[in-house]
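S.K.: Show me the folded form of this:
(one chain, ligands or ions: 1)
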Amino acid sequence: MKKISTLKKIIFFGFVIIILSFIFLRYFFYEAPILTYHRISSFCFDTPLLCVSPQSFKRQMDFIARHGYQVISLEELVNALSRKKNLPRKTVVITFDDGTEDVYQYGFPILKKHGFPATIFVISHSMGRPGFLSWGQINEMQRSGIDIGSHTKTHVFLPKVDDKKLWQEIFESKQEIQSRLGKEVTLFSYPMGGFNPQAQFFLKKSGYKGACTTNRGRYNIRADVFALRRIKMTDDSDNPLVMWVKLSGIYNLFRRK
Ligand SMILES: [Zn+2]
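M.R.: Numbering: from 1, shown residues only. Reported below is the predicted structural model:
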């Protein structure tokens with residue numbers, strides 16, 4: 001009997017320690033999660049890891065709506081971080097990289113149904129090419145609360161290019177998107193998450209306000225709005241437990257850097 005009550009005590013205190021640790025981590029290391037999607041399609045056999053089916057995407061957005069998360073735009077997040085303003089728990093940001101056409105076909109109607117803002121990072125030279133968004137489509141989405149950011153001109157890994165090319169990819173993509181949208185482009189996403197201090201310098205010089213990477217960068221980097229870490233969403237993220245963990249605000253703590 002004594003052994004059983006000791007075991008119960010150990011389980012009880014173990015449970016208390018886990019709960020207290022979770023509260024501690026959420027309090028001191030909370031980062032409003034920025035979700036990254038690429039393609040929304042059931043037919044991307046060539047890039048399965050960058051693909052979420054429309055059904056799974058719907059379930060993921062339904063989860064966010066049903067559990068009372070507040071979806072804000074990336075620009076709002078960047079403004080809050082720049083001003084060191086605290087964001088409420090359960091704040092989420094939604095982003096898409098590459099600007100493929102299926103985002104318009106399958107993702108946009110679901111976002112619109114929920115009234116969720118999102119940012120789509122487009123590759124300016126791919127716009128209008130087969131499989132990619134057209135300028136008309138992004139103009140239409142922009143009118144419904146979707147922001148458009150730059151994902152460079154030609155989707156190069158920025159740390160590997162010289163300064164001239166780096167400037168073209170950062171500055172000229174911004175100019176081109178702005179001229180087509182009639183609106184300032186202030187957000188950027190690094191292809192493959194790759195950046196270096198020179199890229200960050202050029203971004204600031206070009207008038208961007210913030211930039212997203214993948215999971216690259218230093219630990220607890222949220223203070224740097226030009227190296228915002230994001231959480232990659234996959235087809236199996238629609239599992240409620242996976243969704244809950246990814247939206248917890250401390251998910252980045254447990255990932256490999
Ligand atoms: Zn990309």
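
S.K.: What confidence value was assigned to Arg26?
M.R.: Note on Arg26: pLDDT of 60.

S.K.: Next: Met1.
M.R.: Listed pLDDT for Met1 reads 61.

S.K.: same thing with Ala65?
M.R.: In this prediction, Ala65 has a pLDDT value of 97.

S.K.: which secondary structure element contains it?
M.R.: Under the criterion of DSSP states H and E, Ala65 resides in helix 54-66.

S.K.: For that helix, what is the distance to the chain centroid?
M.R.: 16 Å (C-alpha atoms, centre = their mean, to the nearest Å).

S.K.: Name the residues of it that come out as buried.
M.R.: For helix 54-66, a neighbour-count test (16 or more other C-beta atoms under 10 Å) marks 54, 56-61, 63-64 as buried. Every residue, glycine included, has its C-beta placed from N, CA and C.

S.K.: Just after it, pick out the following helix or strand.
M.R.: The C-terminal neighbour of helix 54-66 among helices and strands, as given by DSSP H and E, is strand 70-71.

S.K.: Let me see the contact set for Val16.
M.R.: Contact criterion C-beta atoms under 8 Å, 6 or more residues apart in numbering gives no residues in contact with Val16.

S.K.: Likewise for Val156?
M.R.: Contacts for Val156 were tallied using C-beta under 8 Å, 6+ apart; they are 165, 169, 191.

S.K.: Doesn't it belong to a strand?
M.R.: No - according to DSSP: H, G, I helix; E, B strand; the rest coil, the state of Val156 is coil, so it is not within a strand.

S.K.: and it, backbone torsions?
M.R.: phi -100, psi 160 (degrees, to the nearest 10).

S.K.: for Leu35, same thing?
M.R.: In terms of degrees, to the nearest 10, the main-chain angles of Leu35 are phi -90, psi 140.

S.K.: got it, and Phe96?
M.R.: Per degrees, to the nearest 10, the backbone of Phe96 is at phi -130, psi 140.

S.K.: Would you check that it makes contact with Thr119?
M.R.: Yes - applying C-beta atoms under 8 Å as the test, Phe96 and Thr119 come out as touching, 7.3 Å apart.

S.K.: Which one's more surrounded, the two?
M.R.: The neighbour count for Phe96 versus Thr119, taken as other C-beta atoms under 10 Å, is higher for Phe96 (28 against 23).

S.K.: ok so, going back, what's the overlap in contacts for Phe96 and Thr119?
M.R.: With C-beta under 8 Å, 6+ apart, Phe96 and Thr119 have no common neighbours.

S.K.: what about stretch 96-113, start to end distance?
M.R.: 17 Å (C-alpha to C-alpha, to the nearest Å).

S.K.: ok now that stretch, how far from the chain's centre?
M.R.: That offset, for stretch 96-113, works out to 14 Å (C-alpha atoms, centre = their mean).
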